[in-house]
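Q: The sequence isn't on hand, but the structure is:
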C-alpha cells in the first residue's frame, strides 16, 4: 500500500469517526490473533519506529488501572491514539507485515474506545494487554520485555 493510499484511508477514517472507522476499513475481526499470520513461519521484522511506538504503548498500558478516573482513561486513549498515529506515519514495513500490524493497531484502538466512549475500562485495558501479549508472537522485537506480572 502506498503512503498516499494510507493517508487517504487515515483521512477517511478520521472523517467517518476516528480510530474504529480505521479498524473497520481494514476489515479485521475482533481479537488480536484473528487474521494474524507469521512470515513463512517466522516472525515479521520490525523497524525502529515500530519498536519505539510499541514500547511507548506498552508503557501506557502497563500502568493503566481499570479503576482509574475518567481523565486517566481519556489520557490513556489519547496516548494510544498518538502512538498509533506515530506508527502509521513512521513505520516502513513490508506490506504483509504492515497488514499484520494493522490487526494489532485495530485492537489497541478498540481498547481505547472501550475505556472512553463505552466506559468499560476493564475490558478496554484487557483488549490492549492481549494485543501487547500477541505482538511478540508475530514480530521480532529484540529486548521486548512484555507486560510482566502487572
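A: Received it, and whenever you're ready, just let me know what you need. In this text, all values refer to a predicted model and were calculated from it rather than measured experimentally.
Q: okay, CA-based contacts and neighbour counts for the rest of this
A: Fine.
Q: Is residue 47 in contact with residue 94, as I believe?
A: No. Counting by Cα atoms under 8 Å, residue 47 sits too far from residue 94 to count as a contact (10.2 Å).
Q: I'd like to know how many residues surround residue 60.
A: For residue 60, the count of nearby residues is 17 (other Cα atoms under 10 Å).
Q: Neighbours of the closest residue in space to residue 137 that isn't next to it in sequence, how many?
A: Excluding the flanking residues, the one nearest residue 137 by Cα to Cα, 6 or more residues apart in numbering is residue 43, at 7.0 Å. A count of nearby residues for residue 43, using other Cα under 10 Å, gives 17.
Q: What of the one 3 residues further on?
A: Around residue 46 there are 18 other residues, counting by other Cα under 10 Å.
Q: Spit out the contact partners of the residue nearest to residue 137.
A: Counting by Cα atoms under 8 Å, 6 or more residues apart in numbering, residue 43 touches 137-140.
Q: need the contact list for residue 123.
A: By Cα under 8 Å, 6+ apart, the contact list for residue 123 reads 111, 114-115.
Q: most centrally placed residue in the protein?
A: residue 105 (2.7 Å; Cα atoms, centre = their mean).
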